[in-house]
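>>> From the sequence below, what's the structure:
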Amino acid sequence: MDIDRITYDDKDEKELDEVVMKNVDMVHIERMDDGHIWIALYSGEERLVVNYYTKNNEKILGYAERGA
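Predicted coordinates:
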């Protein structure tokens, strides 16, 4: 798994901005509850986990876009 970059919008590294990776074998996305989305990216035996959540358990909006 090649992680090109992981960037944050804050100095405490709690506001994830961007994750750029190459050579990903599998992506697993799961809604854990109304305010938490868990994402795991796998390459062989390696795994990177990304968590998106909201403090007040508000609705999370998102979309997926297929590349050319």
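
>>> which residues touch Arg47?
40-41 (C-beta atoms under 8 Å, 6 or more residues apart in numbering). Just so you know, the C-beta spots here come from the backbone N, C-alpha and C atoms, and that holds for glycine as well.

>>> name the element it belongs to?
strand 46-53 (DSSP states H and E).

>>> so how far is that strand off the chain centroid?
5 Å (C-alpha atoms, centre = their mean, to the nearest Å).

>>> again, but for stretch 30-43
Between the centre of stretch 30-43 and the centre of its chain there are 7 Å (C-alpha atoms, centre = their mean).

>>> Residues contacting that stretch, please?
1, 19, 21, 23-29, 47-60, 62.

>>> can you rerun that using 6 Å?
1, 23-29, 47-54, 57 (C-beta atoms under 6 Å, 6 or more residues apart in numbering).

>>> so what strands line up beside the strand holding Arg47?
As defined by DSSP bridges, the strand partners of strand 46-53 come to strand 36-43 (antiparallel).

>>> buried stuff in the partner strand?
37, 41, 43 (16 or more other C-beta atoms under 10 Å).

>>> Any chance of CSV for the residues you listed, columns distance to Arg5 and pLDDT?
Listed next are the buried residues of strand 36-43 as CSV, based on distance: C-beta to C-beta, whole Å; pLDDT from 0 to 100:
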residue, distance to Arg5, pLDDT
Ile37, 21, 91
Leu41, 14, 90
Ser43, 16, 90
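
>>> re earlier: for the strand holding Arg47, output the C-alpha coordinates as CSV.
The C-alpha trace of strand 46-53 is given here as CSV (Å, rounded to 0.1, in the frame of the first residue of the first chain):
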residue,chain,number,x,y,z
GLU,A,46,-1.7,-3.9,5.5
ARG,A,47,-4.7,-1.8,6.5
LEU,A,48,-5.4,1.9,6.9
VAL,A,49,-8.6,2.9,8.9
VAL,A,50,-10.4,6.2,8.4
ASN,A,51,-13.2,7.3,10.7
TYR,A,52,-15.7,10.0,9.9
TYR,A,53,-18.0,11.1,12.7
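
>>> what is the residue lying closest to Met26 once chain neighbours are set aside paired to in the beta sheet?
Nearest-residue entry for Met26: Tyr42, 4.4 Å, with adjacent residues in sequence omitted and distances by C-beta to C-beta, 6 or more residues apart in numbering. Per DSSP bridges, the residues bridged to Tyr42 are Met26, Arg47.
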